[in-house]
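Peer 1: model the following, please.
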Amino acid sequence: MLLRNPFTKALFDTRRSLFGWTVAIVAVGAMYASFWPTMQTPEMTEALAAYPEGLLEAFNYSDLTSAAGYLGGAVYGLLVPLLVTVFAIAAGTRAIAGDEEAGTLDLLLAHPVGRARLALHRYAALLLGLVLISGLLALVMIALSGPAEFDGVGAGELAAISLQLALFGATFGALAFAIGGATGSRAAALGGAAAVAVLAYLANSVLPQVDGLAWAQNLSPFHWYLTGDPLVNGLQTTGPLLLLATTTLLVAAGTHLFTRRDLAV
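Peer 2: Residues are numbered from 1 along each chain as shown. Alright, predicted model coming up:
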């Protein structure tokens with residue numbers, strides 16, 4: 001029964017990896033969030049004032065004077081989304097291309113499971129992993145909001161940015177999934193998605209500081225994820241919809257191409 005259901009089998013096969021990534025991402029987020037009270041000391045304020053403004057903006061540290069600004073930069077603006085990106089790309093690569101290069105995908109397809117169903121169930125398992133990571137992170141942040149004094153940041157705002165974080169990860173996971181589905185190459189899926197992720201990060205943080213290149217920020221999933229300041233204004237519409245639309249197109253394209261080509265041998 002487990003083998004006939006690609007979704008539950010994918011979850012079972014990746015249970016240890018998912019557990020490790022969840023613990024690591026939530027721990028990193030909680031650790032940096034708990035530093036917020038120390039950021040309000042005069043010594044830290046003076047130290048941050050010495051940093052170049054461009055450097056702070058490149059690391060999404062443009063506003064560290066409020067809890068929302070600090071969490072939006074140190075936690076949800078840099079380390080956590082980068083870790084989520086790595087997790088999502090690795091999982092998206094493994095969904096099709098990983099098993100295909102390992103020579104086990106044809107064995108799975110020998111069972112009464114169609115290619116489209118297999119691909120979509122594999123991606124659904126990836127998506128559930130992202131929901132679990134972002135959801136648990138939100139719960140931990142809500143639990144820390146009192147002791148760490150996240151003034152002005154409520155459960156609604158934390159839930160909003162966590163949902164947008166899941167959509168953000170889903171986009172890069174879908175990119176790796178699509179490349180893997182189209183090529184069957186783990187290197188192509190991993191390298192291609194990683195290259196796009198690096199360019200997207202630069203487009204959001206570095207290129208806007210260059211005259212004439214500010215427009216590139218609007219093309220970045222990092223910008224779609226953080227735009228509208230969800231830690232202040234709650235769940236946004238434009239950014240999440242762009243992430244959702246991009247994810248849907250990539251998953252559809254990857255599934256279609258996977259069902260139309262010969263498997264790599």
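Peer 1: just the helices in the stretch 1-150 of the chain please.
Peer 2: Remark: helices assigned in the stretch 1-150 of the chain by DSSP state H, counting those that start in this stretch are 6-13, 15-33, 42-49, 53-58, 67-70, 80-93, 99-102, 105-109, 115-144.
Peer 1: and the last one, what does it pack onto?
Peer 2: If I follow you right, that is helix 115-144. The elements that helix 115-144 packs onto, with contact taken as 3 or more CB pairs under 8 Å, 6 or more residues apart in numbering; DSSP states H and E, are helix 6-13, helix 15-33, helix 80-93, helix 105-109, helix 155-183, helix 238-260. Using the backbone N, CA and C atoms, a C-beta is placed for each residue, glycine as well.
Peer 1: from A159, how far out is I96?
Peer 2: Applying CB to CB, to the nearest Å, one obtains 32 Å for the distance of I96 from A159.
Peer 1: swap that for A91, please
Peer 2: A91 sits 23 Å away from A159, taking CB to CB as the criterion.
Peer 1: ok, back up a step: out of the helices of the stretch 1-150 of the chain, nearest to A188?
Peer 2: Within those, the stretch nearest A188 is helix 80-93; the backing value is 9.1 Å (CB to CB).
Peer 1: what is the neighbour count of the nearest residue to A178 once chain neighbours are set aside?
Peer 2: Nearest non-adjacent residue to A178, counting by CB to CB, 6 or more residues apart in numbering: G254, 3.2 Å away. For G254, the number of neighbouring residues by other CB atoms under 10 Å comes to 27.
Peer 1: need the pLDDT of G254.
Peer 2: As predicted, G254 sits at a pLDDT of 95.
Peer 1: quick one, phi psi at Q236?
Peer 2: Geometry field for Q236 lists phi and psi as phi -100, psi 180, criterion degrees, to the nearest 10.
Peer 1: now it: closest residue in space that isn't a chain neighbour?
Peer 2: Across the structure, with CB to CB, 6+ apart as the measure, the residue nearest Q236 apart from its sequence neighbours is G228 (3.7 Å).
Peer 1: gap between that neighbour and T246?
Peer 2: As judged by CB to CB, G228 and T246 stand 17 Å apart.
Peer 1: for D211, same thing?
Peer 2: When distance is defined by CB to CB, D211 is 28 Å away from T246.
Peer 1: contacts only, for the residue nearest to A178.
Peer 2: 96, 119, 174, 177-182 (CB atoms under 8 Å, 6 or more residues apart in numbering).
Peer 1: can you pull out the low-pLDDT segments for the chain?
Peer 2: Within the chain, the stretches falling below the threshold (pLDDT under 70) are 1-4, 40-64, 106-107, 110-112, 264-265.
Peer 1: can you tell me which residue sits nearest the middle of it?
Peer 2: Relative to the mean C-alpha position of the chain, the nearest C-alpha, by CA atoms, centre = their mean, is the one of G169, at 2.4 Å.
Peer 1: can I assume that one is in contact with V84?
Peer 2: Yes - here G169 lies in contact with V84, judged by CB atoms under 8 Å, at a distance of 4.2 Å.
Peer 1: V232 contacts L158, doesn't it?
Peer 2: No - between V232 and L158 there is no contact under CB under 8 Å: 11.6 Å.
Peer 1: so between the two, which is more surrounded?
Peer 2: Comparing V232 with L158 by neighbour count (other CB under 10 Å), the higher total belongs to L158, at 24 against 16.
Peer 1: list the contacts of the closest residue to F222 other than its chain neighbours.
Peer 2: In space, and not counting its chain neighbours, F222 is closest to N204: 3.8 Å by CB to CB, 6+ apart. In this structure, N204 makes contact with 217, 220, 222-223, 226, judged by CB under 8 Å, 6+ apart.
Peer 1: how about a cut-off of 7 Å?
Peer 2: By CB atoms under 7 Å, 6 or more residues apart in numbering, the contact set of N204 is 217, 220, 222-223.
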